[in-house]
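Q: Return a 3D structure for these sequence lines:
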Amino acid sequence: MHPKPRPIDEAPTHEHHYQLVVENLREVVFQLDQQGRWVYLSPAWTELTGYPVEECLGKSSMEYVHADDHALCHELGRALLSRQKDCCRHEMRYLTRDGGFRWVEIYVRLLLGADGSYQGTCGTLNDVTERRAATAALARRERYLTALVELQQRLLATGPSENLHARLMAPLGEATGASRVYFFEAHRSADGNLLFSQRAEWCGPEVKSKLDNPELQNLNLERRMPRLYELLSRGQFLSALVRQLPPAEREVLEPQDILSVLTLPIWVQGTLAGFIGFDNCAEEREWDKLEVDLLMAATGAIALAMEQRQSAHALREREQRFRRIAENASDVLYRYQLAGTRSFAFVSVGVTKSLGFTPEEHYRDPELWLRQAHPEDRGTLERVLTQPEKHSAPVVVRLLTREGRTVWQQHAVTPVLDAAGLCVAVEGIARDITERHQVEEALKLSEANFRILLEGVPEPAAIQQHGHIVYANAALVSSLGLQKPQELLGRRLEEFFVDEPSVAPVTAPLLTGERRLKRLDGNVRIAEFASLPLPFDGQPAVVSIARDVTEQRALQSRLSLADRMASMGTLAAGIAHEINNPLAFVISNLGFLSDELNRLPAPPPSARADSREDWRSVLTEAREGADRVRQIVRQLKAFSRPDEERVEAVDLHSVLDSAVMLAANEIKHRARLKREYGPVPKVLGNDGRLCQVFLNLVVNAAQAISEGAAQQNEIRLVTRMGWDGASVMVEVVDTGAGISEENLSRIFDPFFTTKPVGVGTGLGLSICHGIITNLGGYIHVDSKVGKGTTVRVLLPPARDGAAVARPLAPAQTPTAQRGRVLIVDDEPAVGRALRRILREHDVELATSGRQALERLTADSSFHVVLCDVMMPDLTGKDLYETIQQGGSGMDKRFVFVSGGAFTPGARDFLARVPNPTLEKPFDEAAVKRVVRELVMSQLAATGN
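A: As a prediction, the model looks like this:
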């Protein structure tokens, strides 16, 4: 019930409890003053519209009413003010903050003072948007189904000489709400080109007809709209907004004022026979799946009718001679063929008048008369047709006409014998010898319509009554791995669902969404179901249509896994960078401790002699462990480098060793690893890309071998010169299970894999093939089942002038000269480690780029600046460029320190500037040498 506001002069009672109730209602409670401005709004207003209550109070309520409903709002106000009504209730639209609107049911009544004077209005707003949407969706579905039934009726009622498509456009247009519906028929020109001409059209109000437009006749669709032609030729439909189409298609559609279009192909006897189009000229419209499916079913029924017309036309031409003979006969003349497959060889046109079935229907159905015969006369009629020599006298039988009337016929037959005297046919005359008796039989139109419609639908479909299947189309029978529809009748569709709770059927369920279906052979398929209630055979029923999405879901899963793998590559680069910082000062501090230990004086004779050796052994083992971590981090950086397009001279053996290190866990439990490296030059490539290739090949080789027999299996890495003597060859050989011949030709196809779901994506070898090919190389696979696999990769050698790693100059020990060094690193521990390494110099620390900038601006006497590349506030690149712009020359004293410049900008910067770069973790000798050389050069330049 809606609250009845009290007169404003009335003393408040239970005000607090009343406010609590109002503020917790889902309905909006409101009050307007005499000018229609908001005086009160309950908190539900914000939930409904998105507008804060405080923002709206004092404003006119009409600001929030949809413009199309202003007139209705004024009408309600006048009715209340004139005291014609005490209250009003109506549905209208209220605007929302996001630019949309919500449908609400408004209840409003006058707010009167104690003296009965008008003080404003009050009432409630109730959100009915979802209810209206559901009602509209249901009405649309009913409208489509009604149109389909009318379409079937018109198909059955259209004569051979009538324009079939002209009668079908109106129900389709009225059901869909399109501006224009039209049919284009395909035909061949004199020179053999496939052309399309508009044959029928329906237009909505105020939409100009295009039926007489000469530009829409003899249209070469393949040339004018090639993409549409390709879709239709593959049996696919086009649903699109015109503004999103290619220019060639817009040139055809925009002059017709078309904003969006839906085009459905019509195929007859395996050939594109035309298409049906739906244009929207008033607004852009997206067609949902249910609409498209129902309209595709309609086009299937139209195609079936067209095919029947073509067949009837062919039969009429073939039997024209016989028709002329019997066209004036009132009796039915016929010839029934017995040799080979039984069939009607000829039936005169009088049969249509007698039984209601055309001669063509007899030609297609040799059992027609036997089915139409009265049960008590069926055996007699069969003997007349198959044993005519035993019936010299006329025989009387009863048959049912198409309309269900019983017709008494007198058959006089004679056998047709071949040269051997065998009866090969029977010729006869059937004469109507009874008075016509009307015996009407209720035609189950709904069942006939559904059967015609669903048999033309390529998707699996079933009709259920009281939870049991009463009809299943051929597509459903095939998808479940069954042979005949009878195997499904009486069963429940839920029996074939996997992980579906078994519930005793009361009514047939409205299946929606995805279900897992188990086939007869045990395979599980994923199907997307849509159901709707419809009458069938005069009883309530549920029609369920499914679409197999197994392959689509599998593809989505593999793409998702591929995306995750790509993300892991990026993550690996970040992890390597983060590990390098602590690893740098761990290794440096271990080196410092080792050096300090060596400087300590010899222990006194009374001390334990082995104590210092134990300490030295502990430090040595710790440094070895840290070095192993450093090597792993370097491999991660090489594998995940973002500059994958950089091509340079690459040491192939180093790349192979990196791949083996990363794959060690996969290899050690499966096989022994053998390296057979020959003398080969460096190759032209990218170390990150090549590491990715050989890591994938080594992992594939390991996974082809079962765990537990490592001593009996091996993986060999062989390098040597290629067959042509110029290229470099790498062989990855395993003794695994091998690849079958039928799969060998598909191993480079994207998403092809023989590994279980979750183990492989089917992308690895495809990516490897692309990388090697782009580098100018070649990859080939030889394999035999049970014997193992050999993968050969040929790569071009590095060309003259290709970038190669420059060896470091041998360390020199010149006379030590003390210099000033500024270390810039956001990791204080890294800075302290570097200070210990450079203790022969005067070292200062800056823990941020901005702090370093302040020091360098105030003091330009530093001989060396050791600067980290990646810092949060001011990067090394930014600091360098700022100092460079200052013109002090300090930029030449920078030495960059990097734990892995994993951004493209940082990597390009380091490659561009002439300054040296030191990688974390540090090589102490390299750090000392670089700093010493810079200090000496600076001191020499100043004459010190």
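
Q: and after the worst-scoring helix or strand of the chain on mean pLDDT, which helix or strand comes next?
A: Using mean pLDDT, DSSP states H and E, helix 320-326 stands out as the lowest-scoring helix or strand of the chain, at a mean of 58. Following helix 320-326 in sequence order, the next helix or strand is strand 332-337 (DSSP states H and E).

Q: That next one pairs with which strands?
A: strand 343-347 (antiparallel), strand 423-432 (antiparallel) (DSSP bridges).

Q: could you pull out the strands for the stretch 151-300 of the chain?
A: With DSSP state E, counting those that start in this stretch as the criterion, the stretch 151-300 of the chain has strands at 180-188, 194-203, 238-241, 260-268, 271-280.

Q: So what's the residue count around residue 361?
A: Residue 361 has 19 neighbours, counted by other Cβ atoms under 10 Å. C-beta here means a position set from N, CA and C on the backbone, and glycine is covered the same way.

Q: so what's it up against?
A: residue 368 (Cβ atoms under 8 Å, 6 or more residues apart in numbering).

Q: pretty sure it belongs to a helix, no?
A: Yes - under DSSP: H, G, I helix; E, B strand; the rest coil, residue 361 sits within a helix.

Q: Now do residue 176, the pLDDT please.
A: For residue 176, the model assigns a pLDDT of 82.

Q: Point out where the stretch 1-150 of the chain drops to low pLDDT.
A: 1-19, 21-22 (pLDDT under 70).

Q: Quick check: next helix or strand after the helix or strand where residue 74 lies?
A: If you go by DSSP H and E, residue 74 is part of helix 70-81. Next helix or strand after helix 70-81 toward the C-terminus (DSSP H and E): strand 87-95.

Q: which helices and strands sit right next to that next one?
A: helix 44-49, helix 70-81, strand 101-112 (3 or more Cβ pairs under 8 Å, 6 or more residues apart in numbering; DSSP states H and E).

Q: Return the set of buried residues in the first one.
A: So the one you mean is helix 44-49. Of all the residues in helix 44-49, those buried under the rule 16 or more other Cβ atoms under 10 Å are 44-46, 48-49.

Q: what's in contact with it?
A: Under the criterion Cβ under 8 Å, 6+ apart, residues 25-30, 51-53, 56, 64, 94-97, 102, 104, 125, 127 lie in contact with helix 44-49.

Q: chain center to that helix, what's the gap?
A: Chain-centre distance of helix 44-49: 36 Å, with Cα atoms, centre = their mean, to the nearest Å.

Q: Mind checking what helix or strand follows it in sequence?
A: helix 53-56.

Q: With the last one instead?
A: Moving toward the C-terminus from strand 101-112, the next helix or strand (DSSP H and E) is strand 118-127.

Q: For that following strand, give me every contacting residue.
A: Against strand 118-127 from outside (Cβ under 8 Å, 6+ apart): 2-3, 5, 7-8, 25-34, 36, 39-40, 45, 48, 77, 80-81, 87, 94, 102-113.

Q: 6 Å - rerun?
A: 2, 5, 8, 27-29, 31-34, 48, 102, 104-111, 113 (Cβ atoms under 6 Å, 6 or more residues apart in numbering).

Q: same deal with stretch 870-889?
A: By Cβ under 6 Å, 6+ apart, the list of residues contacting stretch 870-889 reads 826, 848-850, 852-853, 856, 860, 867-869, 890-891, 894, 896, 909.

Q: cool, stretch 514-532 as well?
A: Contacts for stretch 514-532 (Cβ under 6 Å, 6+ apart): 480-482, 496-498, 510-512, 542-550, 553.

Q: Repeat that for stretch 362-373.
A: Residues from elsewhere that reach stretch 362-373 (Cβ under 6 Å, 6+ apart): 315, 342-344, 347, 378, 381-382, 399-400.

Q: just to revisit the earlier point, let me know the angle separating the helix holding residue 74 from strand 118-127.
A: Angle, helix 70-81 to strand 118-127, by axes from the mean of the first three to the mean of the last three Cα atoms, to 10 degrees: 130 degrees.

Q: So what's the gap between helix 70-81 and the chain middle?
A: With Cα atoms, centre = their mean as the basis, helix 70-81 stands 50 Å off its chain's centre.

Q: Now do it against strand 87-95, angle only.
A: Using the same axes, to 10 degrees: helix 70-81 against strand 87-95 is 150 degrees.

Q: tell me which residues of helix 70-81 are tucked away?
A: Neighbour-count burial for helix 70-81 flags 72-73, 76-77, 80 (criterion: 16+ other Cβ under 10 Å).

Q: Which strands or helices does that helix pack on?
A: The contact analysis (3 or more Cβ pairs under 6 Å, 6 or more residues apart in numbering; DSSP states H and E) places helix 70-81 against no helix or strand.

Q: Quick one: residues in contact with that helix.
A: So helix 70-81 is in contact with 65, 85, 88, 92, 110, going by Cβ under 6 Å, 6+ apart.

Q: Contact partners for the second one?
A: For residue 85, the residues meeting the contact criterion (Cβ under 6 Å, 6+ apart) are residue 79.

Q: how near is it to residue 171?
A: As judged by Cβ to Cβ, to the nearest Å, residue 85 and residue 171 stand 42 Å apart.

Q: One more: the last one?
A: Relative to residue 171, residue 110 is positioned 49 Å away (criterion: Cβ to Cβ).

Q: Give me the more crowded residue out of these two.
A: residue 171 (23 against 19).

Q: Distance-wise, check that one relative to residue 276.
A: For residue 171, the distance to residue 276 - Cβ to Cβ - is 12 Å.

Q: go on, residue 830?
A: 72 Å.

Q: Which one of the two is surrounded by more residues?
A: Each of residue 830 and residue 276 has its neighbours counted (other Cβ under 10 Å); residue 830 has more, 27 against 24.

Q: secondary structure element for that one?
A: Here residue 830 is assigned to helix 828-837, by DSSP H and E.

Q: how many other residues sit next to the closest residue to residue 476 other than its chain neighbours?
A: Nearest non-adjacent residue to residue 476, counting by Cβ to Cβ, 6 or more residues apart in numbering: residue 460, 3.6 Å away. The number of residues packed near residue 460 is 25, by other Cβ under 10 Å.
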